[in-house]
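Q: my questions concern the predicted model and sequence given below.
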Amino acid sequence: MVELVHHLVRGLVRHPDQVEVTETEGESSLTLALRVHPDDLDSIHGPGGETLRSLRVVLSASSGQRRAVLELAHDDEPAGDEPTNE
């Protein structure tokens with residue numbers, strides 16, 4: 001799954017060398033955290049969030065019976081880390 005998302009996103013952005021995808025497995029789900037160069041955020045969101053939504057549809061369709069989630073990591077947290085509630 002990581003390779004799929006990495007491949008798709010690298011084709012959408014101006015800074016493909018800065019695309020990071022981190023995978024976290026749960027019991028019945030898979031979470032992929034995506035981090036891109038700040039200048040590429042608009043390319044990933046697309047008009048009205050359509051591009052990000054389309055990436056999630058492709059990921060969901062290719063994940064089979066497992067639930068797959070694609071999250072866009074924020075600048076203040078590393079890709080794949082869960083935010084802490086301290």
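A: Arrived safely.
Q: what's the helix or strand hosting A68 in contact with?
A: Assigned by DSSP states H and E, A68 belongs to strand 67-72. Defining contact as Cβ atoms under 8 Å, 6 or more residues apart in numbering, one finds that strand 67-72 is touched by 1, 5, 28-36, 41, 44-45, 52, 55-56, 59-60, 62. Where you see a C-beta, it was placed from the backbone N, CA and C, and this is true even at glycine.
Q: repeat the analysis, applying 6 Å as the threshold.
A: With contact meaning Cβ atoms under 6 Å, 6 or more residues apart in numbering, strand 67-72 is reached by S29, L30, T31, L32, A33, L34, L55, R56, L59, S60.
Q: what about E23, neighbour count?
A: Close neighbours of E23, defined as other Cβ atoms under 10 Å, add up to 14.
Q: kindly report the same for L34.
A: 21.
Q: and it, that one's in a strand?
A: Yes: membership of L34 in a strand is supported by DSSP: H, G, I helix; E, B strand; the rest coil.
Q: got the contact list for it?
A: V21, L72.
Q: give me that answer again for 7 Å
A: Contact analysis of L34 by Cβ atoms under 7 Å, 6 or more residues apart in numbering lists V5, V9, V21, L70, E71, L72, A73, A79.
Q: ok, now H6?
A: V19, V21.
Q: can you tell me what sits against stretch 11-19?
A: Residues outside stretch 11-19 that contact it (Cβ under 7 Å, 6+ apart) are H6, V9, R10, V36, H37, D39, D40, S43, I44, T51.
Q: identify the farthest-apart pair in those residues.
A: H6 and D39 (18.2 Å; Cβ to Cβ).
Q: any idea how far the closest residue to H37 other than its chain neighbours is from S28?
A: Spatial nearest neighbour of H37, chain neighbours left out: H15 (3.8 Å); criterion: Cβ to Cβ, 6 or more residues apart in numbering. Using Cβ to Cβ, to the nearest Å, we find H15 at a distance of 34 Å from S28.
Q: so how far is stretch 16-29 from its chain's centroid?
A: Here stretch 16-29 is found 7 Å from its chain centre; the criterion is Cα atoms, centre = their mean, to the nearest Å.
Q: to clarify, my last question referred to stretch 50-69.
A: That offset, for stretch 50-69, works out to 10 Å (Cα atoms, centre = their mean).
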